[in-house]
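Undergrad: Could you work out the structure for the sequence below:
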Amino acid sequence: MVNVIALRSRWFVALALAPCLITVAKQAQSATPPNSAILISGSSTVYPFSKAAIETYASRQNKGVAFKAEAVGTSAGFRQFCSKGIVIAAASRPINSKELAACKANGVRFLELPVAFDAITVVVNPSNSFAKEISTAQLRTLWERNAQGKVMRWSQVNPSWPNTPIRLCGPGKDSGTYDTFNKAINGNETNSRQDYTASEDDNVLVKCVAQDPNSLGYFGFDYYQANRSRLKALAVDGLRGSVTPSVSAVQSSRYLPLSRPLFFYVNDQALKSNPALRSLIVATLEQGVKVAQKAGVIPLQDSTYRLVTNKLYRNVLGSAFAGKLPIGLTVGQVLERSFDEHKKPQFR
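TA: The predicted model follows:
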């Protein structure tokens, strides 16, 4: 899959560990006051990985510390993180320039840890018998800002589809999925119609599509995986032809431009001062493939998780993306950039 990583093993790579929305153990719950719990907050797409990481850690050891997580959206998670409200932010996109400035202003230094990959999945109701694939051009016709109040029927997206109403379900503005989808499909993170059912909770979006035969939505691959019997994924005709989202399609860099890395951002000071936090991160990195598979997200290779551990031990700080949202990169290109130790000083 990602030969570039093996070739550049001298790089430091970061993988984040996830303390998530589960308590480490019942003992920890009773022994640890609620306000002392270590919290991951942010992306709902990354949330299942965080939860799986805590469960895997709890099954191996109990340090008497509570770990919790919540899904509030990537942007909301970064606001908490850069204001020192949390020590781990779960993100389905890289940190942007505004967030970098906020972290710098508040003295927040961090490690940027890619933990897995995702395929933004376009879904319809299983009773939909006519839609099997959709092109990026058709998605743009349907979702760009100019479509608001105008593109309201299936036949307006594809003339061969029925002239019936279409209901749209998608992430809200605090979601990293919202940013990435709109940058990939509409050319800008904010170029989106707003007349649709929006939520930062992907379970709400699953329900929106599953209960309405006329619906179409998009969200993270893990939520599609967990609800396959209630949803139908469409193949997306993109940079590499018509490709159905899958683990192999993302790992082989064929599902473009809607594949993307998932991250944990970890506060450097907390990592150095809190042994339990560091222990959780190390344990998660050691079991990275297992954690990702349990969560239903797309894992990195074992060798890549080891490189991420190396980045952790070398304490390589800052973002490798310079506040920009990369689109259409292969798995290898994303990881190469993330692992590059020669980042410009202003982004470290």
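Undergrad: what ranges do the strands span in this structure?
TA: Per DSSP state E, the chain carries strands over the ranges 38-42, 67-71, 88-91, 110-119, 121-124, 133-135, 167-171, 197-199, 215-219, 232-233, 235-238, 241-243, 259-267.
Undergrad: Check which helices and strands the first one is in contact with.
TA: The reference is to strand 38-42. strand 67-71, helix 74-82, strand 88-91, helix 275-286 (3 or more Cβ pairs under 8 Å, 6 or more residues apart in numbering; DSSP states H and E). Yep, even glycine has a C-beta here, placed from its N, CA and C like the rest.
Undergrad: taking the mean pLDDT, what do you get for that strand?
TA: What strand 38-42 shows for mean pLDDT is 92.
Undergrad: Extract the CA atoms of that strand and return them as PDB.
TA: Output of strand 38-42 as PDB, limited to C-alpha atoms (Å, rounded to 0.1, in the frame of the first residue of the first chain):
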ATOM      1  CA  ILE A  38      -9.300  12.800  30.000                       C
ATOM      2  CA  LEU A  39     -11.500  13.800  27.100                       C
ATOM      3  CA  ILE A  40     -11.200  13.500  23.400                       C
ATOM      4  CA  SER A  41     -13.600  15.900  21.600                       C
ATOM      5  CA  GLY A  42     -14.200  16.600  17.900                       C
END
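Undergrad: hmm, back to that, could you export the helices and strands packed on strand 38-42 as JSON lines, including mean neighbour count?
TA: Below are the helices and strands packed on strand 38-42 laid out as JSON lines (neighbours: other Cβ atoms under 10 Å):
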{"stretch": "strand 67-71", "mean neighbour count": "25"}
{"stretch": "helix 74-82", "mean neighbour count": "25"}
{"stretch": "strand 88-91", "mean neighbour count": "31"}
{"stretch": "helix 275-286", "mean neighbour count": "20"}
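Undergrad: could you dump these to a markdown table with mean pLDDT and distance to Ala119?
TA: Shown next, in a markdown table, are the helices and strands packed on strand 38-42 (pLDDT from 0 to 100; distance: least, Cβ to Cβ, whole Å):
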| stretch | mean pLDDT | distance to Ala119 |
| --- | --- | --- |
| strand 67-71 | 92 | 19 |
| helix 74-82 | 97 | 17 |
| strand 88-91 | 96 | 17 |
| helix 275-286 | 90 | 22 |
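Undergrad: These: which one's closest to Val236?
TA: helix 74-82 (21.6 Å; Cβ to Cβ).
Undergrad: most neighbours per residue, which of the strands of the chain?
TA: Ranked by mean neighbour count, the strands of the chain are led by strand 88-91 with a mean of 31 (mean count of other Cβ atoms under 10 Å).
Undergrad: starting at the chain centroid, how far to that one?
TA: 9 Å (Cα atoms, centre = their mean, to the nearest Å).
Undergrad: swap in stretch 74-88?
TA: On Cα atoms, centre = their mean, the centre of stretch 74-88 falls 15 Å from the chain's centre.
Undergrad: Could you do stretch 119-129 as well?
TA: Relative to its parent chain, stretch 119-129 has a centroid offset of 19 Å by Cα atoms, centre = their mean.
Undergrad: need the helix or strand of the protein with the lowest average pLDDT.
TA: In the chain, no helix or strand scores lower on mean pLDDT, DSSP states H and E than helix 26-31, which sits at a mean of 31.
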